[in-house]
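Student: Here is a sequence together with a model predicted from it:
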Amino acid sequence: MSRLTASAEEQNQAMEQYYVLQSKIYDLTRWAFLFGREEIVRRLPLDRSAPQRILEVGCGTGYNLRLLAKRFPKAQITGLDVSGHMISRASQAVQPFGGRVKLEQRPYQLGDMHFNNQMDAVLFSYSLTMINPHWKSLLQQAYEDLKPGGVLAVADFHDSRFPWFKAHMGNNHVRMDAHLSPWIKENFDPVSLTVKPAYGGVWHYFMQIARK
């Protein structure tokens, strides 16, 4: 199965299998290279005193959900992930926030009517580069789920000048060729885009804010 031609169902099955082990070590290892997660939450242009509705797609172990719940104390937050192992970890992480944070184990896909025009913000944090070739349909669904003027926020890998590093990341289901930010800029109203180097420029990551 090619990671660039896999069906959505095959992609979801691959992610579920990948995170059987990874869910156990995710928080112990990802801090070393998932940069920008705290910053993208701080940059969200939302009223912190208002009852916002926020969706995170690919919520993993709940790291970002905790950040969101603390920063937006009146928000109702939903985290989606295809991995039951990650959802199990996330449920422990968000327990202090009670019913303000809801978790759902299911894929996010085009045509989903659960959140149509209801969300003030949709966050993708290090998930889109792992969703191939279906990343575009997820961004299209996010557009449908956002209220008019709602906020799209993305923090993710961007690119690397080293073919060996791209190959290494590809073996871990990650596509790195600066494919996300131009599409977002073209299909949403741009607010901000920041690209930063990691480990002396071995790779770059980006943080992007846009509106519907």
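Tutor: Now that the structure is in, tell me what you want to look at.
Student: What residues sit buried inside the longest strand that the chain contains?
Tutor: What stands out as the longest strand in the chain, according to DSSP state E, is strand 146-159. By neighbour count, with 16 or more other C-beta atoms under 10 Å as the criterion, the buried positions of strand 146-159 are Leu146, Lys147, Gly150, Val151, Leu152, Ala153, Val154, Ala155, Asp156, Phe157, His158, Asp159. Just so you know, the C-beta spots here come from the backbone N, C-alpha and C atoms, and that holds for glycine as well.
Student: now it: mean pLDDT?
Tutor: This predicted structure assigns strand 146-159 an average pLDDT of 98.
Student: likewise stretch 61-80?
Tutor: Rounded to a whole number, the mean pLDDT of stretch 61-80 is 96.
Student: Can you get me the start-to-end distance on that stretch?
Tutor: Between the start and the finish of stretch 61-80 there is a gap of 11 Å, counting by C-alpha to C-alpha, to the nearest Å.
Student: How about that stretch, which residues are buried there?
Tutor: For stretch 61-80, the buried set under the neighbour-count rule, 16+ other C-beta under 10 Å, comprises 61-69, 72, 75-80.
Student: now swap in stretch 121-139 and tell me
Tutor: Residues of stretch 121-139 classed as buried by neighbour count (16+ other C-beta under 10 Å): 121-132, 134-136, 138-139.
Student: pLDDT of the helix or strand harbouring Glu186, averaged?
Tutor: Assigning secondary structure by DSSP states H and E places Glu186 in helix 180-187. Predicted confidence along helix 180-187 averages 98 (mean pLDDT).
Student: Against which helices or strands is it packed?
Tutor: With contacts defined as 3 or more C-beta pairs under 8 Å, 6 or more residues apart in numbering; DSSP states H and E, the packing partners of helix 180-187 are helix 135-145, strand 146-159, strand 189-198, strand 203-211.
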